[in-house]
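**Q** structure, please.
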Amino acid sequence: MSTRWYRGSCQCGRVKIEAAVDLEAHTAKRSASPYVLVRSSAFRLICGEADLADQQFGTIIGLNRSCRFCGIRVFGKGHLAKLGGDFCAVAVASLDGGAEEIAAAEEAVAAFESEAAQ
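**A** Numbering: from 1, shown residues only. Alright, predicted model coming up:
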């Protein structure tokens, strides 16, 4: 596996994105997170900037961005030195085909680790 570009959107389709996801890096963490972290350079907001609502929780590390029409949280943006600076947290469920591929990769890693432990 390697880095692959995925397209995605909110439920109503007003917000459209593209993100380059490294499945090997994501599954190596075994996070089972609903978000996958990518560098800002590996993220594109195709359309819908004016349709986004911002949500800030607690610390000022990141900002969640969701469609103000359908309410789907598509991605977040932030800056954290430990992560290499600027990053985007992309909702896996918003990626076309991404959720299935990431889940399949995580299952394959878990099965391999289970066999190796026996």
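**Q** which stretches of the chain form strands?
**A** Residue ranges of the strands in the chain, as given by DSSP state E, are 3-9, 16-22, 35-39, 43-47, 52-55, 62-67, 73-80, 85-91.
**Q** reformat those strands as a markdown table; add mean pLDDT, mean neighbour count and distance to E107.
**A** (Each C-beta comes from the backbone N, C-alpha and C, glycine too.) Output for those, formatted as a markdown table (pLDDT from 0 to 100; neighbours: other C-beta atoms under 10 Å; distance: least, C-beta to C-beta, whole Å):
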| stretch | mean pLDDT | mean neighbour count | distance to E107 |
| --- | --- | --- | --- |
| strand 3-9 | 89 | 16 | 18 |
| strand 16-22 | 91 | 20 | 17 |
| strand 35-39 | 87 | 20 | 16 |
| strand 43-47 | 96 | 15 | 26 |
| strand 52-55 | 92 | 13 | 31 |
| strand 62-67 | 90 | 20 | 28 |
| strand 73-80 | 90 | 19 | 24 |
| strand 85-91 | 90 | 20 | 20 |
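**Q** out of these, nearest to E115?
**A** Taking C-beta to C-beta, strand 16-22 is the member of the strands of the chain nearest to E115, at 24.1 Å.
**Q** ok now that closest one, how far from the chain's centre?
**A** Taking the mean of its C-alpha atoms, strand 16-22 sits 8 Å from the chain's own mean (C-alpha atoms, centre = their mean, to the nearest Å).
**Q** does anything pack onto that strand? Which helices or strands?
**A** Other helices and strands packing on strand 16-22, by 3 or more C-beta pairs under 8 Å, 6 or more residues apart in numbering; DSSP states H and E, are strand 3-9, strand 35-39, strand 43-47, strand 73-80, strand 85-91.
**Q** what's in contact with that strand?
**A** With contact meaning C-beta atoms under 8 Å, 6 or more residues apart in numbering, strand 16-22 is reached by 2-9, 36, 38, 42-48, 74-75, 88, 90, 94-95, 98, 102.
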